[in-house]
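**Student:** sequence first, then the predicted structure:
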Amino acid sequence: MISFNKTKYKQAINLQTQIDWVKAKLVKAEQSEFTNDSKEDILAQAKSRLNG
């Protein structure tokens, strides 16, 4: 039987959510050809969400 670790599962889901958020932010910026956020801003927001 495969062991199921709820904590690791939740961490993986949280990480995927953060990845999806960054991806969506970048896609939106690309589609609009304009964003007020710099690469550094986006990275800082991503890190903040990771640590938040």
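**Tutor:** Sure, I can see it.
**Student:** let me know the secondary structure of Phe4.
**Tutor:** Three-state assignment for Phe4 (DSSP: H, G, I helix; E, B strand; the rest coil): coil.
**Student:** for it, what are phi and psi?
**Tutor:** phi -120, psi 120 (degrees, to the nearest 10).
**Student:** pLDDT wise, what is it at?
**Tutor:** On the pLDDT scale, Phe4 is placed at 75.
**Student:** how near is it to Gln11?
**Tutor:** 13 Å (C-beta to C-beta, to the nearest Å). Any C-beta I mention is one placed from the backbone N, CA and C, and that applies to glycine too.
**Student:** what's the answer for Gln31, then?
**Tutor:** From Gln31 to Gln11 the distance is 31 Å (C-beta to C-beta).
**Student:** let me see the contact set for the spatially most central residue of the chain.
**Tutor:** Residue closest to the mean C-alpha point of the chain, counted by C-alpha atoms, centre = their mean, is Gln18 at 2.2 Å. Applying C-beta atoms under 8 Å, 6 or more residues apart in numbering, we find Gln18 in contact with Ala46, Arg49, Leu50.
**Student:** more neighbours: which of Phe4 and Gln11?
**Tutor:** Gln11 (11 against 7; other C-beta atoms under 10 Å).
**Student:** Provide the secondary structure category for that one.
**Tutor:** Per three-state DSSP, Gln11 ends up helix.
**Student:** quick check: pLDDT value at it.
**Tutor:** 90.
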